[in-house]
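S.K.: Return atomic coordinates for the entry below.
(one chain, ligands or ions: 2)
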Amino acid sequence: MVRISNEKMRELLRVYFIMGSNNCKKDPLEVIREALEGGITLFQFREKGKGALTGEKKHVFAKEIQSICKKYNVPFIVNDDVDLAIALDADGVHIGQEDESADRVREKIGDKILGVSVHNLEEARKAIAQGADYIGVGPVFPTKTKEDAKEVQGTSLILSLRQNGIQIPMVGIGGINAENASEVVKAGADGVSVITAISLAESPFESTKQLVMTVNECL
Ligand SMILES: C=C1C=NC(C(F)(F)F)=NC1=N
Ligand SMILES: [Mg+2]
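M.R.: Ligands and ions are numbered 1, 2, ... in the order given. Reported below is the predicted structural model:
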């Protein structure tokens, strides 16, 4: 296996759905099926916070989602839990600044996809040096999903990272929906990642389709 190309990574980042069992009111598997039908390009399993599953229940739930993603040929990324990602032979891992260092994770996962959350130019440079395939930049808009989210920065950090020559595939995160997604892509992100805009939508299918159309219009 070889590392994913930048070009392929940019394509995967177009509409990146992130979810855990506690992010939705409807049946989580039904929400994910609708999101896949609606055209998400990448999925991240983020089982975290109040009421999140743990241990065997978390493992079984992740495996179920992974098999549904496989049917749609959408890569399955695991947030934080590197051991779970390896146990499931997931397509990749996403880590934050407070998790294991990116170079240690890169050693453990070989050529799988590695994403890193960054909040400034220094963190972005370090993530690239340590083998990240993409970076998550945010929170772009106010978000209720992540309790310990850093301060809202709009699209300024995306803009300044690109102006400082950061070329790595980049996805915006934080309070993004079909109404504000184009601003994120126009600022220089390769795509948008969302939780609530899809997971709590009246119709996750319709809301995903809206996002896909909006993002594709500005690429
Ligand atoms: C905290 C996070 C920040 N960014 C991302 C991603 F969108 F994947 F880059 N995922 C996270 N879980
Ligand atoms: Mg983390």
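S.K.: so who does Ile168 touch?
M.R.: By C-beta atoms under 8 Å, 6 or more residues apart in numbering, Ile168 lies in contact with 6, 124, 127-128, 132-135. Using the backbone N, CA and C atoms, a C-beta is placed for each residue, glycine as well.
S.K.: Keep only those of the residues you listed that are in helices.
M.R.: Of the contacts of Ile168, the ones assigned to helices by DSSP state H are 6, 124, 127-128.
S.K.: quick one: which of those residues is nearest to ligand 1?
M.R.: Ala127 (10.6 Å; C-beta to the nearest ligand atom).
S.K.: contacting residues around the closest one?
M.R.: By C-beta under 8 Å, 6+ apart, Ala127 lies in contact with 102, 116, 118, 135, 168.
S.K.: any chance of the contacts of Ile168 in CSV, plus pLDDT and distance to ligand 2?
M.R.: Below are these laid out as CSV (pLDDT from 0 to 100; distance: C-beta to the ion, whole Å):
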residue, pLDDT, distance to ligand 2
Asn6, 98, 23
Ala124, 98, 17
Ala127, 98, 13
Ile128, 98, 18
Ala132, 98, 14
Asp133, 98, 16
Tyr134, 98, 15
Ile135, 98, 13
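S.K.: Going along the chain, name the helices of the chain.
M.R.: Secondary structure of the chain (DSSP H): helices at 6-12, 28-38, 55-71, 82-87, 102-109, 121-129, 156-163, 181-186, 196-199, 204-217.
S.K.: now, of those, which is deepest in the fold?
M.R.: Most buried of those by mean neighbour count (mean count of other C-beta atoms under 10 Å) is helix 196-199; its value is a mean of 23.
S.K.: counting contacts, what elements does that one pack onto?
M.R.: Applying 3 or more C-beta pairs under 8 Å, 6 or more residues apart in numbering; DSSP states H and E, we find helix 196-199 packed against strand 15-19, helix 28-38, helix 204-217.
S.K.: who does the first one pair up with?
M.R.: By that I understand strand 15-19. Applying DSSP bridges to the sheet, strand 15-19 is found paired with strand 42-45 (parallel), strand 191-194 (parallel).
S.K.: So for the last one, what gets flagged as buried?
M.R.: Within strand 191-194, the residues that count as buried by 16 or more other C-beta atoms under 10 Å are 191-194.
S.K.: Those also near ligand 1: which ones?
M.R.: Filtering the buried residues of strand 191-194 for proximity to ligand 1 by C-beta under 6 Å from any ligand atom leaves Ser193.
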